[in-house]
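**Q** one predicted model, sequence on top.
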Amino acid sequence: MAEVTKARTGQLIHKLFGILQAQPDGMKAGDALAALAAQVQLTPYEAGDYPTGGRRFEKIVRFATVDTVKAGWLVKDKGIWTVTSEGAQALQQYPDGEQFYREAVRLYHKWKKAQPVAEVEEGDDEAVEKSASITLEQAEEMAWAEIEAHLAAMPPYEFQELVGALLTAMGYHVAWIAPPGKDGGIDVIAYNDPLGTRPPRIKVQVKRNANSPRIDVMGLRSFMAVLGEGDVGLFVALSGFTKDADLEARQSHRRITLIDANQLVDLWTRHYGQLDDGARRRLPLKPVWFLAGNE
C-alpha cells in the first residue's frame, strides 16, 4: 500500500461514493467495485495482484471504506453497500477527494478513541484491525451470495413450503399451501390456532425470483386487493421492494408485512431451533464465529 497516496485513495473513494449515491437502495460490493474500476484508470500497481491472491485495487478501496463506515457515511449489510444521508452530505461538502477521505479518517479515529476498550495505537495495529475487518466482510459477502443463489435456484413450490415451514416454526398453524399452478395471488394461508377460530387469517404471497425487479406499488396493490378486512398480509419477495412500496405498506389501513431476502434469512436463523429436520434440509445453515475486534 506504500505506493498509494491519500490523494489517490481519496479520489477512488470519492468516485465510489458518487456511484453508490446513484443507487439509493444500495449496490452489491462486487458490482460497485467493478463500476469504479471501469470509471478510473488503474495504475500498474493497483492493477497488479498480491502474492497471496486478489487484485490490489479491490483491497485498497475496501481498506479505505472501513473509515467511511465508522464515520457513519456508509452501511454494509450482507454484501450491499449503501450511502447514508451523512455520506451524501459529506460527498457534497468535500468535492475534493483527498479532503473527503481525510475527514473520514479523522472521524474513524474519533470513533476509535470513543470505544471503552479501544487500544488507541497508530500504525501496524490499525492496519491489522482493518485487514481483519475486510476479511470478515468478504467472508460474509461470499456466504450471503451462496445463500441467495440457493434460494433463487429453489423450485417455486418448494420455496412456498420453506415459507410455510418458517411460519410453523414461529408458532403459526399453516392450513394451506397452494399446489403448483395458478393460485389466485395467495400461496399460503395460516392461522393463530389449529382450527382457525382465532383471528386474524394470514394470507401469504411468495415471489422467489431474486433477479426480478423489486416489487413496486402496483405489485403490492395487486396483493392487497385479495386481502379481506380481517386478514393480515405477508408478502415474501427475494427481490425486495421499492421504497414506494414499503411506504405504501406502512401507510395502508391494511395490516401487511413485507419480507425481503435479508429478513427471511434473519427469521430463518432466529427460529432455526424450532424448524423440523425436513425444513432445515431446504435451507441448511451453520453459524461460524469470527474474532471481529472492536465494533
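**A** Structure received. Note that the structure is a prediction, hence the values are computed from the model and not measured.
**Q** so where do the strands sit in the chain?
**A** Listed in chain order, the strands of the chain (DSSP state E) span residues 27-28, 74-77, 80-83, 173-177, 188-191, 201-207, 231-237, 255-259.
**Q** mean pLDDT and distance to Thr5 added to the ones you listed, as TSV?
**A** All C-beta atoms are positioned from the backbone trio N, CA, C, and that covers glycine. Supplementary listing: the strands of the chain in TSV, determined by pLDDT from 0 to 100; distance: least, Cβ to Cβ, whole Å:
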stretch	mean pLDDT	distance to Thr5
strand 27-28	92	26
strand 74-77	94	21
strand 80-83	95	23
strand 173-177	96	59
strand 188-191	97	56
strand 201-207	96	47
strand 231-237	97	45
strand 255-259	96	45
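**Q** low-confidence ranges, this structure, go.
**A** Low-confidence regions of the chain, defined by pLDDT under 70, span residues 1-2, 117-125, 183, 210, 290-295.
**Q** can you give me the domain boundaries for this protein?
**A** As assigned by automatic domain parsing, the chain contains the domains 6-151, 155-282.
**Q** so which of the ones you listed is nearest Val288?
**A** Each of the domains of the chain was checked against Val288 via Cβ to Cβ, and the shortest separation belongs to domain 6-151, namely 7.9 Å.
**Q** what's the end-to-end length of that closest one?
**A** With Cα to Cα, to the nearest Å as the measure, domain 6-151 spans 41 Å from end to end.
**Q** any chance of the domains of the chain in a markdown table, with mean neighbour count and distance to Trp289 too?
**A** Below are these laid out as a markdown table (neighbours: other Cβ atoms under 10 Å; distance: least, Cβ to Cβ, whole Å):
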| stretch | mean neighbour count | distance to Trp289 |
| --- | --- | --- |
| domain 6-151 | 16 | 11 |
| domain 155-282 | 16 | 14 |
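**Q** make a markdown table from these and add distance to Val288 to it.
**A** Written out in a markdown table, the entries for the domains of the chain read as follows (distance: least, Cβ to Cβ, whole Å):
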| stretch | distance to Val288 |
| --- | --- |
| domain 6-151 | 8 |
| domain 155-282 | 12 |
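**Q** by contact count, what packs against the longest helix along the chain?
**A** Using DSSP state H, we find that the single longest helix of the chain is helix 124-153. The helices and strands touching helix 124-153, judged by 3 or more Cβ pairs under 8 Å, 6 or more residues apart in numbering; DSSP states H and E, are helix 29-39, helix 56-70, helix 261-270.
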